[in-house]
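1. missing the sequence, but the structure's below:
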Ligand SMILES: NC(=O)c1ccc[n+]([C@@H]2O[C@H](COP(=O)([O-])OP(=O)(O)OC[C@H]3O[C@@H](n4cnc5c(N)ncnc54)[C@H](O)[C@@H]3O)[C@@H](O)[C@H]2O)c1
Ligand SMILES: O=P(O)(O)OC[C@H](O)CO
């Protein structure tokens, strides 16, 4: 059921990204846009970073037409499957793969950002000035935007670059399990500008009439207190309050909890990737579950400390302890996530984690290694490396300056007293 008010326009959704998680979220969203046709246009555009892909000979999709490399977008649109990044999962027919990012976001009022974090800056540059000014974003990206200016959440940096409000989605969500419709939970943080609920244009604007956007412009405060230009959602569209945002993501197999703590949700997803690498390191040594639990305990403490230290009161401890994006994501990531698995293989085989990533992930991208370096850069500049011994240990091991066997010593709180 949608809202009772009649709105002349529906929200158009674009998923910006089409990897393992990007394609899974496009599937989830497309199931919902079809089901809630009073609020959303059924068609979901999915931007694909175009590449040629060869269907493997042992695939059920291998035939005369697919015996040579084909554009990934053509394959997705004809097979209704993403054979490279989410094989063997049927996609709803209303997911449309589009290689042109500007065309994909055209007229979209909801932009779901779902790319490996290293590609988001460039993608946003391409989108500047090309989106509707009152679009709203949700970032599903697990990572942090670290630059000379400091450490930002992707929801914030996307919001600033594009001049829109952007929330975050993160949870204990290994993509393939969600795509197979095995039960999981997620957390969506959405705390839009108050102007969205103020209906700045008269209700019931006649169909086809154009909203005067200058009347909708205003300012909103970001997490860091920076003022950002915002354009309110015209009243022709159904409001994007928590209930309607939940309708876009919630499925019987994918339960959504809506919160307002954008920083807590984003930090849980980003920082657990560093902890998962540490868990992989100790498991790769054959040290067993107790060692992994110790690393996870220290890891969640460092996540909360990082949030409080650098994002202040906007971060709530309970987001880490009670929501899927916190401790639950830490557990699943340290059990079966890619960062964990690759780090474990790297130690067990005596290879670099980058080598294992290339060999095992078929083009998917580890986020924990980049985040470990970026967080370390930031902590070093802040003079706080010693206050985050596990994050610092992972960076030192990746750098080859320490060994996985050093972890117990490096995270020992009494270390400095020897
Ligand atoms: N995979 C998961 O289980 C999972 C679950 C939850 C969250 N996440 C998060 O979601 C985000 C996206 O991860 P994913 O799993 O969809 O990606 P992925 O690891 O499958 O990465 C591959 C994607 O990167 C794209 N790509 C490669 N080069 C590019 C370029 N130069 N510019 C733009 N795109 C390029 C590829 O086209 C492909 O879509 C990450 O932040 C990740 O941490 C992943
Ligand atoms: O496979 P990973 O390590 O990128 O983790 C996947 C998800 O983030 C788990 O929630």
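-> That came through, no problem. None of the values given here were measured: they were computed from a predicted structure. Residues are numbered from 1 along each chain as shown. Ligands and ions are numbered 1, 2, ... in the order given.
2. Three-state assignment for the residue in the stretch 101-250 of the chain positioned nearest to ligand 2, please.
-> Nearest residue of the stretch 101-250 of the chain to ligand 2 (C-beta to the nearest ligand atom) works out as residue 173 at 4.4 Å. From N, CA and C alone the C-beta is placed, and that goes for glycine too. Classification of residue 173 using DSSP: H, G, I helix; E, B strand; the rest coil returns coil.
3. what sits against the closest residue to ligand 1 within the stretch 151-300 of the chain?
-> As assessed by C-beta to the nearest ligand atom, ligand 1 sits closest to residue 175 within the stretch 151-300 of the chain, at 3.3 Å. Applying C-beta atoms under 8 Å, 6 or more residues apart in numbering, we find residue 175 in contact with 20-21, 23-24, 86.
4. try 6 Å
-> 20-21, 24 (C-beta atoms under 6 Å, 6 or more residues apart in numbering).
5. picking up where we left off before, where's the residue of the stretch 101-250 of the chain closest to ligand 2 relative to residue 255, distance?
-> Taking C-beta to C-beta, to the nearest Å as the measure, residue 173 falls 11 Å from residue 255.
6. neighbour count for these two, which is higher?
-> Between residue 173 and residue 255, residue 173 has the larger neighbour count (other C-beta atoms under 10 Å), namely 27 against 16.
7. ramachandran angles for that one?
-> Phi and psi for residue 173, reported as degrees, to the nearest 10, are phi -140, psi 80.
8. okay, now the domains of the chain?
-> Using automatic domain parsing, the domains assigned to the chain come out as 3-260, 268-417.
9. near ligand 1 at all, the shortest one?
-> Yes - using C-beta under 6 Å from any ligand atom, we find that domain 268-417 touches ligand 1 at 363-365, 367.
10. list just the nearest of the residues you listed to residue 58.
-> When these are compared for distance to residue 58 (C-beta to C-beta), residue 363 wins out at 18.1 Å.
11. returning to that earlier point: which of the domains of the chain has the lowest mean pLDDT?
-> When the domains of the chain are compared by mean pLDDT, domain 3-260 comes last with a mean of 89.
12. what about the residue of the stretch 101-250 of the chain closest to ligand 2, distance to residue 112?
-> 14 Å.
13. what does residue 391 give?
-> Taking C-beta to C-beta, one finds residue 391 at 29 Å from residue 112.
14. give me the more crowded residue out of the two.
-> Legend: neighbour count by other C-beta under 10 Å for residue 391 and residue 112, higher for residue 391 (28 against 25).
15. quick check: buried residues in stretch 368-386?
-> Neighbour counts over stretch 368-386 (16 or more other C-beta atoms under 10 Å) mark 368-376, 378-379, 384-385 as buried.
16. which two among the residues you listed are spaced furthest apart?
-> 369 and 384 (20.5 Å).
17. show me what contacts residue 157?
-> When contacts are counted by C-beta under 6 Å, 6+ apart, residue 157 touches residue 145.
18. just confirm yes or no for the longest strand anywhere in the chain near ligand 1.
-> Ranked by residue count and defined by DSSP state E, the top strand of the chain is strand 40-47. No - remark: strand 40-47 sits outside contact range of ligand 1, by C-beta under 6 Å from any ligand atom, the gap being at least 8.8 Å.
19. would you mind pulling the contact partners of that strand?
-> Here strand 40-47 makes contact (C-beta under 6 Å, 6+ apart) with 10-16, 18, 26, 29-30, 33-34, 94-98, 101, 104.
20. hang on, isn't residue 52 packed against residue 69?
-> Yes - assessed by C-beta atoms under 6 Å, residue 52 is found in contact with residue 69 at 4.1 Å.
21. hey, where'd the strands end up in this protein?
-> 11-16, 40-47, 52-53, 70-71, 95-98, 110-113, 136-139, 144-147, 150-153, 165-170, 184-189, 217-221, 227-231, 254-259.
22. which helices and strands does the fourth one pack with?
-> Strand 70-71 makes packing contacts with no helix or strand when contacts are defined by 3 or more C-beta pairs under 6 Å, 6 or more residues apart in numbering; DSSP states H and E.
23. neighbours around the nearest residue to residue 115 once chain neighbours are set aside, how many?
-> Nearest residue to residue 115, sequence neighbours excluded (C-beta to C-beta, 6 or more residues apart in numbering): residue 17, at 3.8 Å. Neighbour count for residue 17, taken as other C-beta under 10 Å: 27.
24. distance of residue 17 from residue 114?
-> 4 Å.
25. OK, contacts around residue 97?
-> Residue 97 touches 46, 48, 73, 76-77, counting by C-beta under 6 Å, 6+ apart.
26. which of the residues you listed count as buried?
-> The buried subset of the contacts of residue 97 - by 16+ other C-beta under 10 Å - is 46, 48, 73, 76-77.
27. now do stretch 107-120: distance to the chain's middle.
-> The chain centre lies 9 Å from the centre of stretch 107-120; the measure is C-alpha atoms, centre = their mean, to the nearest Å.
28. got the buried residues for it?
-> Buried, per 16+ other C-beta under 10 Å, within stretch 107-120: 108-117, 120.
29. so residue 134 makes contact with residue 233?
-> Yes - if you go by C-beta under 6 Å, residue 134 and residue 233 touch, sitting 5.0 Å apart.
30. more neighbours, those two?
-> Each of residue 134 and residue 233 has its neighbours counted (other C-beta under 10 Å); residue 233 has more, 28 against 22.
31. the more buried one reaches residue 135, doesn't it?
-> No - in this structure, residue 233 is not within contact of residue 135 by C-beta under 6 Å, at 8.9 Å.
32. and of the buried residues of stretch 368-386, the nearest to ligand 2?
-> residue 368 (6.4 Å).
33. residues contacting the closest one?
-> Shown in contact with residue 368 (C-beta under 6 Å, 6+ apart): 273-274, 276-277, 339.
34. one more time with 8 Å
-> 273-274, 276-277, 339, 343, 394.
35. what about the residue in the chain that ligand 2 sits nearest to, how many neighbours?
-> Among the residues of the chain, residue 337 lies closest to ligand 2, at 2.8 Å counting by C-beta to the nearest ligand atom. Per other C-beta under 10 Å, the neighbour tally for residue 337 reads 26.
36. which residue sits closest to it, ignoring its sequence neighbours?
-> Distances taken as C-beta to C-beta, 6+ apart place residue 276 nearest to residue 337, at 5.0 Å, with adjacent residues excluded.
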